[in-house]
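Engineer: I would like to see how this sequence folds:
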Amino acid sequence: MNQHGLSIIFRNALTGMCAGGQLIRWPVWLALGRDPWPAADALVEHQGRVNGAASAVRPGGRQLRWLAVQAVLGPGVLALTVMMWVTATVVVTTPLWWWLASAPVVFVPVTDTASSLLGAVCGLPLVLLAVACGYGLPRWHAAVGRAALEGPRFLRLIRRVEVLTASRAGALEVQAAELRRIERDLHDGAQARLVSAGMLLGLLDVKLEELPAHTRALLTEARSEVGAALQELRDLVHGVYPPILADRGLTGGIESLVERTASVIGSVTAKVEVADRLPAALESTVYFVIAEALTNVAKHSRSGEASVSVHADRDHVRVEVRDNGRGGADERRGSGLAGLRRRAAAFDGVLSLTSPPGGPTVLLMELPCAS
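Structural biologist: Okay, the predicted model is just below:
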């Protein structure tokens, strides 16, 4: 037999092993409630491409180790689990077998009803053992297969990603708490002092009516400067952490944005499906993204109608801002979309924009809640 024939035999045998490995995944998948070896899909896809090509390419050593583990452990784990359940079921139902067949021996000596009941009681530990096998063996099988498939370096990378994800989430929460503290300090400290200074200047202007005109002009200018500083400070506080989020939550904040935009373009609808409060950093990001998107709608889209949709579940937050304007939005023209993308990326989120000429323009953002 030539080398090409051996290659075909090897390729077909490997394909059969891949198919068998896939079949053995299902009992473990059912027991765990999730795919135990998602990385195994790469081997199956790779082998499908090889079979459609003119020459075979060897799979990696990790995939071959996984197939070897499947070939040895898969049937054994399945057979042992089934055997334990069958044995436990037969022994526990000994009184039924005795009543139906009245056999003198059914796996254990059974001569009367009392001994059949005793056999059923003795079978209860076997039931517990079968439950333990049904729970533990698939998990052990999954762990061994995962170690063979992924390797120690891959597992270290996974653990490193988990640690980095958790540390990033903690850093974002710390940052959000610090921003809230700065917002409170500015609101209760500097802003209150500026308001007081403006009131004192106004009172001074009223009390000293006999002052020369140029002096009164200076007082008026001072009041104007204090008012401008106060407005800048309020804008700064709003940019640090919107006070409305602390007062009314994300739903109230979005409603305020919608009302403000509706006064400019006409009609804006909002649909917010958020059962519980989100983490502060996440709420702030969602609020600022929607605020920037609606600002772009009011300034650039020439739209008469827009909609905002926010849906949050246990794992993700999905935001959609849509308008029926002229379309053609391009983040390279400085519309603020690059900043929105950076905000989403901070949470490992995804932001996309669809804006064909003539509209509609749809901005989608999805953020993982577990970030």
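Engineer: CA only for contacts and neighbour counts going forward, please
Structural biologist: Will do.
Engineer: how would you label Asp348: helix, strand or coil?
Structural biologist: Following DSSP: H, G, I helix; E, B strand; the rest coil, we place Asp348 in the coil state.
Engineer: from memory it sits against Leu367, does it?
Structural biologist: Yes - with contact defined as Cα atoms under 8 Å, Asp348 reaches Leu367; the gap is 6.9 Å.
Engineer: Compare these two (neighbour count), which wins?
Structural biologist: Between Asp348 and Leu367, counting by other Cα atoms under 10 Å, Leu367 is the more crowded of the two (23 against 16).
Engineer: can you tell me the helix or strand for that one?
Structural biologist: For Leu367, the element it lies in under DSSP states H and E is strand 361-368.
Engineer: What strands flank that strand, and is each parallel or antiparallel?
Structural biologist: Applying DSSP bridges, strand 361-368 is found paired with strand 316-323 (antiparallel), strand 350-354 (antiparallel).
Engineer: Give me the nearest residue to Ala298, chain neighbours excluded.
Structural biologist: Nearest non-adjacent residue to Ala298, counting by Cα to Cα, 6 or more residues apart in numbering: Ile265, 6.1 Å away.
Engineer: Phi, psi for Gly349 please.
Structural biologist: In terms of degrees, to the nearest 10, the main-chain angles of Gly349 are phi -100, psi 180.
Engineer: distance of it from Pro368?
Structural biologist: 6 Å (Cα to Cα, to the nearest Å).
Engineer: for Thr261, same thing?
Structural biologist: According to Cα to Cα, Thr261 stands 27 Å off from Pro368.
Engineer: next one: Arg146
Structural biologist: Relative to Pro368, and taking Cα to Cα, Arg146 is found at 25 Å.
Engineer: pLDDT value on Ala329, please?
Structural biologist: pLDDT, Ala329: 72.
Engineer: Now do the buried residues in the helix or strand Glu255 falls within.
Structural biologist: Take DSSP H and E as the rule and Glu255 turns out to sit in helix 243-265. The neighbour-count check on helix 243-265 (16 or more other Cα atoms under 10 Å) flags 243, 245, 249-251, 253-255, 257-258, 261-262, 265 as buried.
Engineer: again with stretch 357-371
Structural biologist: Of all the residues in stretch 357-371, those buried under the rule 16+ other Cα under 10 Å are Gly359, Pro360, Thr361, Val362, Leu363, Leu364, Met365, Glu366, Leu367, Pro368, Cys369, Ser371.
Engineer: For the third one, give me its contacts.
Structural biologist: Taking Cα atoms under 8 Å, 6 or more residues apart in numbering, we find Thr361 in contact with Arg322, Asp323, Asn324, Gly325, Gly327, Gly328, Ala329, Leu353, Thr354, Ser355.
Engineer: Look up the pLDDT of Leu128 for me, please.
Structural biologist: Looking at Leu128, its pLDDT stands at 84.
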